[in-house]
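Visitor: Only the shape, not the letters, is given here:
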């Protein structure tokens, strides 16, 4: 950066003048800004006192511990070209802290006869004191070497204590209060919980990192940590990939990076080692490409029933040779390994494609659980979905009954609200009457109401008024929990069809929506139904069991009821009592679903395809 020289010290045509050079160590714009300004002002005064004309004022924010400063190199080039008589600087270490730059300055004094003038001393060829320059440049270099060793020693000590050196990763903050050398990493109270939720979304196996970034930025309003120059922006996609691959979040870090030395940190981890390994499997860091891993619908969801490791998938492409009937993996091959017949010349070769699911054996390499084909596994899932499946007519009837329940609850709550309002109005009137009685002319001497009785009754009425106000200020409208229940019945009526016709992502979303703690053992898939589907699984068998053998025909007196319950065209051997019992059990099921959503008071994300 070149600053125009001051007019009063502008060199005349017959003069060369001096370069005024200032430098600060940090390249950050907000650090040591006054350093260069103060150097420049002091050097201007020095030049005026010594009557030195200033050729140009040069400055830069660059460390001098290594060669390569552009402004300094340009200045020395101009010195070698004979443009100036010398250099004005505050101290010699402003010019150089390394032997290369220090040597170029000394060489310019020896060969070009320039002068180096500081605030306290002058160096020139005639003064024969360049030996002092060697000493000062050497001391500057020694200072840099000592500083580097001290910093490395401090960082090593900090690492050995279990604290990560440097800028805190996303989700953590650097400690600003402890003494230097004892600073720790603290949880970022704003972002730490959000990062945990992002890991949870990834662990479901449903969401991809780009989808998680979109949810965090748009739905949660996630913004990066604000600093003086950067931050306060939505999370970039590259950041979330780095986060999901960083062992720091389960408590370990490498220092120095790439050095192969790992340390267990004392910071609070966001995830466990097992959760980290699961995410790495989902990201495809175990030898499979990430795209291929995510194409398998059930990876990342199921564990081995024996050793607890995750179930992984393997795709096989095979071919049966039309000549010798030998079956082999044909990818990366151009001919049959047995008869050497080229694949392109085979007549009607049979191509086979299989997907097998099996234990990844990451926890027990000797796990004896065998593999299961994707078709068999899908059959296990379909069998589970059949246990929570309802007919379209039952779904329609259940939704109608849900609307009735909601209307009944609205009416009941409206009646309660009116009762509470009447009680509140009555309390206000009693307070008013109490005050009128206290201030009436007949009560001057306290004959009707003494001060003690007034205070006691007024306190009780004010307490009752405060209690009633809490109810009145509460939103009396009933949230429409029936909407969540309706989505449940809609999902239960169509899940099997969606699963049969859907792709890999659809199958994965359906399975993760209805089930948890999925385990595969002896080719049998065990699924624990999530609520509210657990209610369906427990309530539907008694409903179905109550219907005896179904025979053609219509039960005369119950045609309308049969149609509403989805029994149109069917007769129950038990007659009217069976239909009434069936209806009672069906209503009980709907009430349980409705009560569940009313109790948990949260929106369940039930997908629709």
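Guide: That came through, no problem. Everything quoted here is computed from the prediction, not taken from an experiment.

Visitor: Assumed residue 319 was part of a strand.
Guide: Yes: judged by DSSP: H, G, I helix; E, B strand; the rest coil, residue 319 forms part of a strand.

Visitor: C-terminal to the lengthiest helix in the chain, what's the next element?
Guide: If you go by DSSP state H, the chain has its longest helix at helix 392-439. Scanning forward in sequence from helix 392-439, with DSSP states H and E defining helices and strands, the next element found is helix 451-472.

Visitor: what's the helix or strand just after that next one packed up against?
Guide: Using DSSP H and E, the helix or strand that directly follows helix 451-472 along the chain is helix 481-501. The elements that helix 481-501 packs onto, with contact taken as 3 or more C-beta pairs under 8 Å, 6 or more residues apart in numbering; DSSP states H and E, are helix 374-387, helix 392-439, helix 504-514, helix 533-546, helix 576-600. (Glycine included, C-beta is placed from N, CA and C.)

Visitor: could you redo the last one with a cut-off of 7 Å?
Guide: Using 3 or more C-beta pairs under 7 Å, 6 or more residues apart in numbering; DSSP states H and E as the contact criterion, the elements in contact with helix 481-501 are helix 374-387, helix 392-439, helix 504-514, helix 576-600.

Visitor: Tell me which of these sits nearest to residue 56.
Guide: Residue 56 sits nearest to helix 504-514 of all the helices and strands packed on helix 481-501, at 65.8 Å, using C-beta to C-beta.

Visitor: Quick check: neighbours of the helix or strand just after the closest one in the sheet, parallel or antiparallel?
Guide: Scanning the chain past helix 504-514 towards its C-terminal end, the next helix or strand to appear is strand 515-521 (assignment: DSSP H and E). Taking DSSP bridges as the criterion, strand 515-521 forms sheet pairs with strand 302-304 (parallel), strand 524-529 (antiparallel).

Visitor: Same list, the ones you listed, but as CSV with mean neighbour count, distance to residue 489 and mean pLDDT please.
Guide: Putting these into CSV (neighbours: other C-beta atoms under 10 Å; distance: least, C-beta to C-beta, whole Å; pLDDT from 0 to 100) gives the following:
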stretch, mean neighbour count, distance to residue 489, mean pLDDT
strand 302-304, 23, 27, 92
strand 524-529, 17, 15, 92
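
Visitor: Any idea which of the ones you listed gets closest to residue 93?
Guide: strand 302-304 (63.4 Å).

Visitor: residues in contact with that closest one?
Guide: In this structure, residues lying in contact with strand 302-304 by C-beta atoms under 7 Å, 6 or more residues apart in numbering are 309-311, 359, 367, 369, 518-520.

Visitor: ok, the residue nearest to residue 503 when sequence neighbours are not counted - contacts?
Guide: Spatial nearest neighbour of residue 503, chain neighbours left out: residue 297 (7.9 Å); criterion: C-beta to C-beta, 6 or more residues apart in numbering. By C-beta under 7 Å, 6+ apart, the contact list for residue 297 reads 504, 507-508.

Visitor: follow-up on the earlier one: please work out which of the helices and strands packed on helix 481-501 is packed deepest.
Guide: When those are scored by mean count of other C-beta atoms under 10 Å, the highest mean neighbour count falls to helix 504-514 (a mean of 20).

Visitor: could you give the mean pLDDT of it?
Guide: Summarised as a single mean, pLDDT over helix 504-514 is 87.

Visitor: Report all helices and strands that it contacts.
Guide: By contact count (3+ C-beta pairs under 7 Å, 6+ apart), the secondary structure elements abutting helix 504-514 are helix 481-501.

Visitor: my read is residue 111 is in a helix, agree?
Guide: Yes: counting by three-state DSSP, one finds residue 111 located in a helix.

Visitor: That one and residue 446, how far apart?
Guide: From residue 111 across to residue 446, the span is 114 Å (C-beta to C-beta, to the nearest Å).

Visitor: can you check residue 357 too?
Guide: 88 Å.

Visitor: Between the two, tell me which one has more neighbours.
Guide: The residue with more neighbours, out of residue 357 and residue 446 and counting by other C-beta atoms under 10 Å, is residue 357; that gives 22 against 12.

Visitor: mind giving me the domain ranges of this structure?
Guide: Per automatic domain parsing, the structural domains of the chain span 2-147, 172-283, 301-370, 392-481, 486-600.

Visitor: Check those domains for me: which has the lowest mean pLDDT.
Guide: If you rank those by mean pLDDT, domain 486-600 sits at the bottom with a mean of 72.

Visitor: and the nearest residue to residue 335 once chain neighbours are set aside, how many neighbours does it have?
Guide: Of all residues beyond its chain neighbours, the one nearest residue 335 is residue 342 (4.7 Å), with distances taken as C-beta to C-beta, 6+ apart. When neighbours are counted by other C-beta under 10 Å, residue 342 registers 10.

Visitor: now the one 5 residues further on
Guide: Applying other C-beta under 10 Å, we find 7 residues neighbouring residue 347.

Visitor: ok, now which ones touch it?
Guide: residue 322.

Visitor: circling back to that earlier point, make CSV out of the strands paired with strand 515-521 and add distance to residue 380.
Guide: Written out in CSV, the entries for these read as follows (distance: least, C-beta to C-beta, whole Å):
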stretch, distance to residue 380
strand 302-304, 10
strand 524-529, 4
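
Visitor: Tell me which of these lies nearest to residue 124.
Guide: In this view, the strands paired with strand 515-521 are compared for proximity to residue 124 by C-beta to C-beta, and strand 302-304 is the closest at 80.8 Å.

Visitor: How many residues are close by residue 501?
Guide: When neighbours are counted by other C-beta under 10 Å, residue 501 registers 10.

Visitor: Give the burial count for residue 203, as a bare number.
Guide: Residue 203 has 17 neighbouring residues, counting by other C-beta under 10 Å.

Visitor: contacting residues for it?
Guide: Taking C-beta under 7 Å, 6+ apart as the contact definition, residue 203 lies against 275, 278-279.

Visitor: separation between it and residue 304?
Guide: Distance of residue 203 to residue 304, given as C-beta to C-beta: 17 Å.
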